[in-house]
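Novice: Mind looking at a prediction? Sequence and model below.
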Protein chains: 2
Amino acid sequence: MGNERLDEKTISTEPIFEGKVISLQIDTVELPDGSQATREIIKHPGAVAVVAIVKDRLLLVDQYRQAMGRPELEIPAGKLEKGEDPLEAAKRELQEETGYTCGKITLLHSFYTSPGFADEIIHLYLAEELTAGAMSPDEDEFLEIIEATYDEVQRYISEGRISDAKTLLAFYYWQLKRLQEQSRNAAAVE
Amino acid sequence: MGNERLDEKTISTEPIFEGKVISLQIDTVELPDGSQATREIIKHPGAVAVVAIVKDRLLLVDQYRQAMGRPELEIPAGKLEKGEDPLEAAKRELQEETGYTCGKITLLHSFYTSPGFADEIIHLYLAEELTAGAMSPDEDEFLEIIEATYDEVQRYISEGRISDAKTLLAFYYWQLKRLQEQSRNAAAVE
């Protein structure tokens, strides 16, 4: 898979920082023309995120984001634990953050968030057949759940209260699903 | 804007690394219950990305990504230069990476890629009225342009050759636009 003419070879890797969540290294690479360059690379354990729609409302989590300097509304999400299966992680995060358990869960996409500098990959799931229950957030996690209608989600996006890639993707997914259903219903009526 | 009950206060910031592209710091924060926690934060200059569809083909750039360890197909994109206006940056990156200039350009979304650990924001534009011209990539940038049909984009996604958030968002945008046009055309025929 891919285009070998563009390949870069790793010459050396200098570890810079190892944190609780991310680590940072500087890779020296050989470019296709034989010259060298450096790349600042963040290593991340990967994450899961969940699209969960309960009675025409999207489950959102309101949570402070230090990187943004404010709280933000996002779909339920969290980091993979060491060796954890993404599907199990998705069920776990959904339950911890919203209390909901699901009877059915399907992978929609696995995507890189910032391929220019980070290896973080998010596995985005659709959770269905949802049953309400008790939340159990992590100790240093303070969050509130919002169940938002389609129009509310649209408004949160225009207000900038929803402004991250995975939640936008979730909204696009919902929008597409609704349009496809409308087309099907219109075709059935004709 | 936002939910003050969830606010975290920054107690101190420890700079760890300052690179060519990103920098890393550790923030100590006070949580809503008064306890403290640390947050590993990446600072990034921000970026632009461009949805450009020429005669029913999406412009894609094939480029090696060291973080992923392989080449990937993405929509044209690049970092903001210091003090640069995002709209000007979008026109510049489109021209540098694909050779195309545009008569019309519109902001679709500005979104955070990884709000859990990075302040990177991508401004995603729709470029229209496109005119072909000569590429002028950066010195250490090796890339190839692909003009992909809708079906090809769909295949690249299922093969994993397209696997980043901004390019998935671009495809969802295209899919929605096509569905909306189809609905309009169907309504006009009735």
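Specialist: It's in. Given the structure is predicted, the values throughout are model-derived calculations rather than measurements.
Novice: rest of the way, CA atoms for contacts and neighbours
Specialist: Will do.
Novice: can you give me the helices for chain A?
Specialist: Here chain A has its helices, by DSSP state H, at A:86-98, A:150-159, A:165-189.
Novice: highest average neighbour count across those?
Specialist: Highest mean neighbour count of the helices of chain A: helix A:86-98, a mean of 22 (counted as mean count of other CA atoms under 10 Å in any protein chain shown).
Novice: shaky segments in chain A?
Specialist: Residues of chain A meeting the criterion pLDDT under 70: A:1-2, A:190.
Novice: burial count for residue A:25?
Specialist: Residue A:25 is flanked by 16 other residues according to other CA atoms under 10 Å in any protein chain shown.
Novice: Disregarding residues adjacent in the polypeptide, which is nearest to it?
Specialist: residue A:15 (4.4 Å; CA to CA, 6 or more residues apart in numbering or on different chains).
Novice: what does residue A:150 give?
Specialist: In space, residue A:150 is closest to residue A:57, 6.7 Å off (CA to CA, 6+ apart).
Novice: got it, and residue A:145?
Specialist: Nearest one to residue A:145, counting by CA to CA, 6+ apart, is residue A:61 at 4.7 Å.
Novice: Test my guess that the residue nearest to residue A:25 contacts residue A:39.
Specialist: No - if you go by CA atoms under 8 Å, residue A:15 and residue A:39 don't touch, sitting 12.0 Å apart.
Novice: Those two: who's more crowded?
Specialist: Legend: neighbour count by other CA under 10 Å for residue A:15 and residue A:39, higher for residue A:39 (20 against 12).
Novice: Chain neighbours aside, what residue packs nearest to that one?
Specialist: That would be residue A:27: by CA to CA, 6+ apart, it lies 5.1 Å from residue A:39.
Novice: if I pick residue A:129, what's in contact with it?
Specialist: A:102-104 (CA atoms under 8 Å, 6 or more residues apart in numbering or on different chains).
Novice: Residue A:150 and residue A:178, how far apart?
Specialist: According to CA to CA, to the nearest Å, residue A:150 stands 10 Å off from residue A:178.
Novice: So what sits opposite the residue nearest to residue A:150 in the bridge?
Specialist: residue A:54, residue A:149 (DSSP bridges).
Novice: Would you agree residue A:3 is in contact with residue B:65?
Specialist: No - with contact defined as CA under 8 Å, residue A:3 and residue B:65 do not form a contacting pair (11.5 Å).
Novice: and residue A:120, backbone torsions?
Specialist: phi -60, psi 130 (degrees, to the nearest 10).
Novice: ok, it - contacts?
Specialist: A:43-47, A:112-114.
Novice: and chain B, which of those reach it?
Specialist: A:112-114 (CA under 8 Å from any CA of the partner chain).
Novice: Reformat those residues into CSV and put neighbour count and distance to residue B:158 next to each item.
Specialist: Shown next, in CSV, are those (neighbours: other CA atoms under 10 Å in any protein chain shown; distance: CA to CA, whole Å):
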residue, neighbour count, distance to residue B:158
A:112, 25, 14
A:113, 23, 17
A:114, 22, 19
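Novice: Next step: those restricted to strands.
Specialist: If you go by DSSP state E, the ones next to chain B among the contacts of residue A:120 have residue A:112 in strands.
Novice: And for residue A:144, the neighbour number?
Specialist: 15.
Novice: That one touches residue A:61, doesn't it?
Specialist: Yes - the pair residue A:144 / residue A:61 is scored as a contact, 5.7 Å apart, by CA under 8 Å.
Novice: domain parsing for chain A?
Specialist: A:4-43, A:47-184 (automatic domain parsing).
Novice: Go through the ones you listed and pick out the most buried.
Specialist: Highest mean neighbour count among the domains of chain A (mean count of other CA under 10 Å): domain A:47-184, a mean of 19.
Novice: and the end-to-end length of it?
Specialist: First-to-last residue span, domain A:47-184, CA to CA: 34 Å.
Novice: related to what we said a few turns ago, ok, now which ones touch the residue nearest to residue A:150?
Specialist: Applying CA under 8 Å, 6+ apart, the residues near residue A:57 are A:147-150.
Novice: State the distance from residue A:16 to residue A:44.
Specialist: Computed with CA to CA, the distance linking residue A:16 and residue A:44 is 14 Å.
Novice: May I have the phi/psi pair for residue A:99?
Specialist: phi 90, psi -20.
Novice: which residue sits closest to it, ignoring its sequence neighbours?
Specialist: Once flanking residues are discounted, residue A:99 sits nearest to residue A:135: 3.9 Å by CA to CA, 6+ apart.
Novice: give the contact list for that neighbour.
Specialist: Per CA under 8 Å, 6+ apart, neighbours of residue A:135: A:95-100.
Novice: Put together TSV for those residues, with distance to residue B:155 on each row.
Specialist: Listed next are these as TSV, based on distance: CA to CA, whole Å:
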residue	distance to residue B:155
A:95	33
A:96	35
A:97	34
A:98	34
A:99	36
A:100	34
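Novice: Out of those, flag the one nearest to chain B.
Specialist: Of all those, the one with the least separation from chain B (CA to the nearest CA) is residue A:97, at 14.5 Å.
Novice: Now for residue A:180: which residues touch it?
Specialist: residue B:179.
Novice: what's the overlap in contacts for residue A:3 and residue B:65?
Specialist: residue B:71.
Novice: before we move on, back to that, could I get the helices of chain A as JSON lines with distance to residue B:82?
Specialist: JSON lines is the format used below for the helices of chain A (distance: least, CA to CA, whole Å):
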{"stretch": "helix A:86-98", "distance to residue B:82": "38"}
{"stretch": "helix A:150-159", "distance to residue B:82": "26"}
{"stretch": "helix A:165-189", "distance to residue B:82": "24"}
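Novice: out of the ones you listed, nearest to residue B:119?
Specialist: helix A:165-189 (12.4 Å; CA to CA).
Novice: Now do that closest one and helix A:150-159, the angle between them.
Specialist: 140 degrees (axes from the mean of the first three to the mean of the last three CA atoms, to 10 degrees).
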